[in-house]
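>>> Everything below, folded, please.
(one chain, ligands or ions: 1)
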Amino acid sequence: MSPSPAHAADPTPHVRDAEMADLPAVAAIYTHYVLRTTITFNTDVRTPREWQDRFRDHVVAGRHHLLVAEVAGAVAGFVETQPFRPKPAYDRSVELSVYVAPDATGAGVGGALYRTLLARLEADAAVHRAYAIVALPNQGSETFHRRHGFALRGTLTEAGHKFGRYLDVAYYERPV
Ligand SMILES: CC(C)(COP(=O)(O)OP(=O)(O)OC[C@H]1O[C@@H](n2cnc3c(N)ncnc32)[C@H](O)[C@@H]1OP(=O)(O)O)[C@@H](O)C(=O)NCCC(=O)NCCS
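The predicted structure follows:
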């Protein structure tokens, strides 16, 4: 996305609901982490069609959120909620996923996204628990989640396998 003149020089992250038109920028950020890191356990890049279907099902027609943070008029990060587990008794729990563009980390983008999303979830009586599932090692994400009120509830050992190695996953939980 090309910077809009109004925000071109403003380094403050501006958080808003994503629109269909943001999906290519969101996908570009996520694809980096799929292809180059074990931070997400996805191994296949989502097609534009898959992003659109997911957005329609979860956000437009569903009760989930996709927020983007713009810095200087360009999307620098996003956070989404999705069902924690498919069975109905889990309906009041959501899983959060947050990704900041690799050249924009450590500048408050993730924090701005989480403050907005967590305030929204706290105001929603239909959501009771938020979960972040952190593939290890990811010191940055663990520190970030603790800083935003999440507590480590358990670690699964070698539950994932990507790029030829087994990976542990830490379950972080926050009341909302
Ligand atoms: C984790 C992530 C979302 C944090 O967003 P961010 O914009 O980089 O973080 P912020 O600038 O808002 O920092 C907030 C706090 O997080 C912590 N933090 C963030 N990155 C860190 C790092 N690399 N190492 C240690 N602490 C870190 C710090 O405690 C920071 O607090 P401070 O303001 O006192 O320094 C972002 O770094 C990211 O997208 N990382 C790669 C993808 C990822 O790990 N996503 C999470 C998957 S579970």
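>>> The closest residue to the ligand within the chain: neighbouring residues, count only.
Nearest residue of the chain to the ligand (CB to the nearest ligand atom) works out as residue 110 at 2.1 Å. C-beta coordinates here come from the backbone N, C-alpha and C atoms, glycine included. A total of 26 residues lie near residue 110 under the criterion other CB atoms under 10 Å.
>>> likewise the one 3 residues further on?
Burial of residue 113, expressed as a neighbour count using other CB under 10 Å, amounts to 24.
>>> what residues does this structure put near the ligand?
Selection of the chain residues close to the ligand by CB under 6 Å from any ligand atom yields 33, 39, 98-100, 105-111, 132, 134, 138-141, 143-144, 147.
>>> Just the buried ones out of those, please.
Those of the residues of the chain next to the ligand that meet the buried threshold are 33, 39, 98-100, 107-111, 132, 134, 138, 141, 144, by 16 or more other CB atoms under 10 Å.
>>> out of those residues, who's nearest residue 55?
residue 99 (15.2 Å; CB to CB).
>>> chain center to stretch 70-89: distance?
Taking CA atoms, centre = their mean, to the nearest Å, the mean C-alpha location of stretch 70-89 is offset from the chain mean by 4 Å.
>>> then that stretch to PDB, C-alphas only?
Coordinates of each C-alpha in stretch 70-89 appear next as PDB, following Å, rounded to 0.1, in the frame of the first residue of the first chain:
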ATOM      1  CA  GLU A  70      -0.600   1.700   9.800                       C
ATOM      2  CA  VAL A  71       2.700   3.500  10.200                       C
ATOM      3  CA  ALA A  72       3.200   6.400   7.900                       C
ATOM      4  CA  GLY A  73       0.200   5.300   5.900                       C
ATOM      5  CA  ALA A  74       1.400   1.700   5.200                       C
ATOM      6  CA  VAL A  75       0.300  -1.500   7.000                       C
ATOM      7  CA  ALA A  76       3.100  -2.400   9.500                       C
ATOM      8  CA  GLY A  77       1.400  -5.200  11.400                       C
ATOM      9  CA  PHE A  78      -1.900  -7.000  12.200                       C
ATOM     10  CA  VAL A  79      -3.600  -9.000  14.900                       C
ATOM     11  CA  GLU A  80      -6.400 -11.400  14.400                       C
ATOM     12  CA  THR A  81      -8.700 -13.500  16.600                       C
ATOM     13  CA  GLN A  82      -9.900 -16.900  15.600                       C
ATOM     14  CA  PRO A  83     -11.700 -19.800  17.400                       C
ATOM     15  CA  PHE A  84      -9.400 -21.300  20.100                       C
ATOM     16  CA  ARG A  85     -10.800 -24.800  19.400                       C
ATOM     17  CA  PRO A  86     -13.700 -25.900  17.200                       C
ATOM     18  CA  LYS A  87     -16.000 -27.600  19.800                       C
ATOM     19  CA  PRO A  88     -18.900 -25.400  21.000                       C
ATOM     20  CA  ALA A  89     -17.900 -25.300  24.700                       C
END
